[in-house]
Every structure is written in structure tokens, then in C-alpha cells.
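**Student:** the sequence and its predicted three-dimensional model are supplied below.
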Amino acid sequence: MNRPFRIAVLPGDGIGTEVMPEGLRVLKLAAARHGLPLELQAFDWACADHWLRHGRMLPEDWFETLRGFDAIYFGAVGWPAVVPDHVSLWGSLLKFRRDFDQYANLRPVRLLPGVRGPLAGKQPGDIDFLVVRENTEGEYSSVGGRMFEGSERELVLQEAVFTRHGVDRILRHAFRLAQQRPRKRLTAATKSNGIAISMPYWDERVEAIAAEFPDVQWDRQHVDILAARFVLQPERFDVVVASNLFGDILSDLGPACTGTLGMAPSANLNPDRRYPSLFEPVHGSAPDIAGQGIANPIAQIWSAALMLDFLGQAPGADAAAGRAAHDAIVAAIEQVLRTGPRTRDLGGHASTREVGEAIAAALGG
Ligand code: NAI
Ligand code: MG
């Protein structure tokens with residue numbers, strides 16, 4: 001590909017605006033060193049200020065404006081003192097995920113050096129897996145309703161929706177990811193012993209898609225015991241694929257097993273590349289520490305690494321360069337975690353900026 005990747009930058013609210021400059025610092029440096037040209041454009045959308053000025057989180061033409069970008073690099077949205085959370089989230093981030101068909105949500109889970117995780121006796125290397133969540137259908141549907149409201153007969157229904165299109169594409173994506181990893185293992189979360197219609201269907205599709213990937217070793221686990229094993233035997237896992245609801249829970253539990261929220265990155269992918277994919281830290285805008293310059297920028301910086309890896313895999317782009325840029329950023333994060341400086345959530349005293357600069361320096365900047 002001989003044109004630059006076009007990236008829309010949306011810092012959002014609260015610490016989103018503090019960690020984003022550090023993300024950009026490292027992103028630009030890594031991209032330049034690995035020959036991945038970028039064209040960045042910032043938008044002051046998806047924040048409480050925009051809502052105060054315009055009465056909405058995004059302008060009316062947001063879809064047309066953003067759809068031509070290769071990626072959205074996102075900070076965090078939410079300022080509940082000004083805008084109710086359901087308004088800010090549904091008015092911005094959730095629109096991106098839906099309307100840009102970002103059906104694969106990826107959250108890497110790794111225990112990194114120098115971080116005391118909550119699980120006793122685990123060393124870096126013991127925990128290294130990837131949660132892949134279906135992001136568009138399943139249990140999170142708008143099919144249903146209420147009847148006889150307020151009466152004794154009050155009735156509430158909400159249907160889970162599983163389509164062959166939706167299930168097959170997330171499974172294929174997860175198997176492909178497993179195939180690229182050294183251990184080549186995949187675990188599918190199910191609950192076919194209790195949810196006796198949709199989950200047996202999910203299981204059937206897992207088997208069918210697995211046949212396309214004979215080199216991937218796979219198994220299936222009920223989500224209750226699977227969740228317990230995240231805590232008891234995290235070494236078992238490589239790629240874990242799950243429906244929307246199960247994936248939502250597992251993708252918070254996974255990163256929680258490795259330490260602070262301030263380090264967990266995520267990708268919301270439209271793997272078909274018809275629309276931009278979105279890369280963001282798992283954490284929110286953290287109003288409790290916003291404005292102090294003490295937020296941990298690692299989740300934002302690691303999300304940039306995921307973005308370069310994904311962009312590099314575009315048809316005609318340089319996949320090796322994207323992967324190398326990713327690996328270099330993760331190695332720089334690991335180095336700084338080993339030596340410091342560290343932000344307060346990791347027991348240090350450094351500022352957001354000092355950590356960002358140290359990671360840039362470790363990259364050779
Ligand atoms: P939060 O993730 O913002 O904060 C939870 C706790 O973790 C806080 O104590 C915070 O100080 C700490 N924390 C989070 N990120 C940190 C970082 N980088 N460094 C150090 N400490 C960090 O979740 P909370 O408080 O539930 O939500 C605050 C706002 O963020 C709400 O408006 C919520 O809707 C929004 N939110 C947005 C998300 C997004 O944009 N993807 C995701 C989660 C929440
Ligand atoms: Mg969640």
C-alpha cells in the first residue's frame with residue numbers, strides 16, 4: 001500500500017485527554033521507525049464539551065466523515081457529572097462499534113514483568129492469552145419488550161440472537177488468530193448444558209469451523225468453570241472465543257487477573273476492513289483521578305501497538321513491519337515496567353508524561 005494509513009484521533013473525556021498524547025508520542029515514533037506512514041486527524045467529538053456545545057456527542061455527519069479512515073484511535077468517553085453515562089456511551093462509542101460493524105473485540109491478557117498481579121505465584125510468561133468477544137449480536141439484542149406493565153401479569157422478554165453469519169465470522173477470526181500464535185490453541189466458551197437452544201448451535205458451529213483449521217487444537221468449556229480456570233489455571237489458555245455476554249465478562253476478568261486496569265488494551269475490529277476499526281484502552285475516563293496527570297498511559301500505548309499490527313495486515317501493506325512495530329512497543333512497555341518509572345496505580349510516583357517519555361526512550365526515541 002503506498003498511501004499513508006488514515007487515523008482519526010478521538011481523546012474523549014477525562015484521562016482520555018491525558019493518556020492520548022502519550023499514545024500518540026509512541027505511535028508516531030514506532031510507525032516512523034518501521035516505515036508505516038500515518039496521517040492523523042484529531043476530532044473533539046465524543047466528549048462532554050461537545051455535548052454541552054451541540055447537545056449531542058457526535059455531529060450528524062459523523063458516519064460519512066469517519067468511514068473513510070483506516071482506524072479510530074480512541075481515549076475514553078464519559079463525564080457523568082455533565083452527561084448521563086448511557087447518553088455518552090450510546091451516543092458515541094457504541095455507535096462506532098455497531099455502525100462500523102466492529103464484530104471482533106480483542107483483549108490481550110498478559111502478566112508483565114514488574115507488575116504484582118492478584119494471582120499468587122504467577123510469573124511473567126505464565127499468563128498470556130487473548131479473549132475474542134463477539135461484539136454485535138448474541139445476548140445483546142433489541143428484540144423483546146414488556147407487556148402488561150405495572151400489572152400482576154407484567155411480562156418482560158429479551159431474545160438472544162445468533163445468526164450463522166455472525167457466529168461463523170467471529171469463530172473464523174478467532175481460529176485464524178490461534179493459528180498465528182505459537183501454541184495454536186483455542187477454547188470456545190459455551191453453556192450448552194443450561195442454554196439449551198442457542199449454545200448447542202454455537203457448539204455445532206465451533207465444530208464445523210474447527211474443521212477448517214486442522215492445525216489448531218481446540219476445546220470447549222462451560223463458561224462457569226472457564227471463568228474459574230482464568231483464576232486457577234490461567235496457563236491453560238491461548239485464544240478464548242465467546243459470545244457477546246460471556247465475552248464481556250471474560251474480557252474484564254482476564255485483564256483483572258494480570259493487574260491494573262491502567263494497562264489493559266483492546267481492539268474493536270471490522271476484519272473485513274469495510275469500515276474503520278477502533279483501538280482503545282479498556283478503562284474509562286476515571287473522573288476520580290482526571291486532571292492530575294497521574295493516569296497510567298500503558299493501556300493507551302499498548303492499544304496503538306494493536307492498531308499498527310492490524311493496519312500492517314491490510315492487503316498490500318507490510319505485515320512484517322506492522323508486527324515488528326507492535327512487538328517493539330510491547331517490549332518497550334515491558335522494559336519500563338521492569339525498571340520504572342511507574343505511575344501510582346503500579347506503586348510509583350511518576351506522571352503520565354514521564355511514563356510515556358520513558359517508553360518512547362526505550363523504543364529508541
Ligand atoms: P474507569 O475505568 O474510568 O475507572 C475505574 C477505576 O480505575 C478508577 O478508580 C480509576 O481511577 C482507575 N483507572 C482507570 N484507568 C486508569 C489509568 N489509566 N491509570 C490509573 N488508574 C486508572 O471506570 P468508571 O469509574 O466506572 O467510569 C468512569 C467513566 O468512564 C464513566 O463515565 C463510564 O461510563 C466511562 N467508561 C468509559 C469507557 C470507554 O470509554 N471505553 C469504559 C468504561 C467506563
Ligand atoms: Mg465490560
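**Tutor:** Looks like it arrived, so ask away. Numbering: from 1, shown residues only. Ligands and ions are numbered 1, 2, ... in the order given.
**Student:** contacting residues for the closest residue to Ala242 other than its chain neighbours?
**Tutor:** With sequence-adjacent residues excluded and distances taken as Cβ to Cβ, 6 or more residues apart in numbering, Ala242 is closest to Ala189, at 3.8 Å. Quick note: C-beta positions are derived from backbone N, CA and C, even for glycine. Contacts for Ala189 (Cβ atoms under 8 Å, 6 or more residues apart in numbering) come out as 221-223, 226, 240-243, 246-247, 250.
**Student:** list the buried residues in the biggest helix by length in the chain.
**Tutor:** In the chain, with assignment by DSSP state H, the single longest helix is helix 319-339. Neighbour counts over helix 319-339 (16 or more other Cβ atoms under 10 Å) mark 321-326, 328-330, 332-337 as buried.
**Student:** could you pull out the helices for the chain?
**Tutor:** Counting by DSSP H, the chain has helices at residues 16-33, 48-54, 62-66, 85-90, 93-99, 164-180, 198-210, 223-232, 244-256, 298-312, 319-339, 352-362.
**Student:** wait, which of those helices is closest to Asp272?
**Tutor:** Shortest distance between Asp272 and the helices of the chain, using Cβ to Cβ, is found for helix 164-180: 8.4 Å.
**Student:** sorry, back to before: neighbour count added to the contacts of Ala189, as a markdown table?
**Tutor:** Formatted as a markdown table, the contacts of Ala189 follow (neighbours: other Cβ atoms under 10 Å):
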| residue | neighbour count |
| --- | --- |
| Gln221 | 18 |
| His222 | 15 |
| Val223 | 21 |
| Leu226 | 23 |
| Val240 | 29 |
| Val241 | 30 |
| Ala242 | 26 |
| Ser243 | 28 |
| Phe246 | 27 |
| Gly247 | 26 |
| Leu250 | 25 |
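**Student:** excluding its backbone neighbours, what's nearest Cys47?
**Tutor:** Asp13 (4.7 Å).
**Student:** need the contact list for Gly259.
**Tutor:** Counting by Cβ under 8 Å, 6+ apart, Gly259 has contacts 111-112, 115-118, 346.
**Student:** make it 10 Å
**Tutor:** When contacts are counted by Cβ atoms under 10 Å, 6 or more residues apart in numbering, Gly259 touches 110-112, 114-119, 127, 337, 345-346.
**Student:** ok, the nearest residue to Gln313 once chain neighbours are set aside to ligand 1 distance?
**Tutor:** Using Cβ to Cβ, 6+ apart and skipping residues adjacent in sequence, the residue nearest Gln313 is Ala319, 5.0 Å away. Per Cβ to the nearest ligand atom, to the nearest Å, Ala319 is found 28 Å from ligand 1.
**Student:** Ala319 and Asp61, how far apart?
**Tutor:** 33 Å (Cβ to Cβ, to the nearest Å).
**Student:** for Asp272, grab the count of nearby residues.
**Tutor:** Counted with other Cβ atoms under 10 Å, residues neighbouring Asp272 total 10.
**Student:** ok, Asp252 next?
**Tutor:** By other Cβ under 10 Å, 14 other residues sit near Asp252.
**Student:** cool, and Ile72?
**Tutor:** Neighbours of Ile72 under the rule other Cβ under 10 Å: 24.
**Student:** and the residue lying closest to it once chain neighbours are set aside, bridged to which residues?
**Tutor:** Counting by Cβ to Cβ, 6+ apart, Ile72 lies nearest to Leu278, which is 4.4 Å off, once chain neighbours are set aside. When bridges are called by DSSP bridges, Leu278 pairs up with Ile72, Asn268.
**Student:** contacts only, for Leu278.
**Tutor:** For Leu278, the contact set (Cβ under 10 Å, 6+ apart) comprises 8, 10, 66, 69, 71-74, 93, 96-97, 100, 102, 105, 266-270, 303, 307.
**Student:** filter those residues down to the ones near ligand 1?
**Tutor:** Restricting the contacts of Leu278 to those near ligand 1 by Cβ under 6 Å from any ligand atom leaves Leu93.
**Student:** circling back: tell me the most buried of the helices of the chain?
**Tutor:** Most buried of the helices of the chain by mean neighbour count (mean count of other Cβ atoms under 10 Å) is helix 298-312; its value is a mean of 27.
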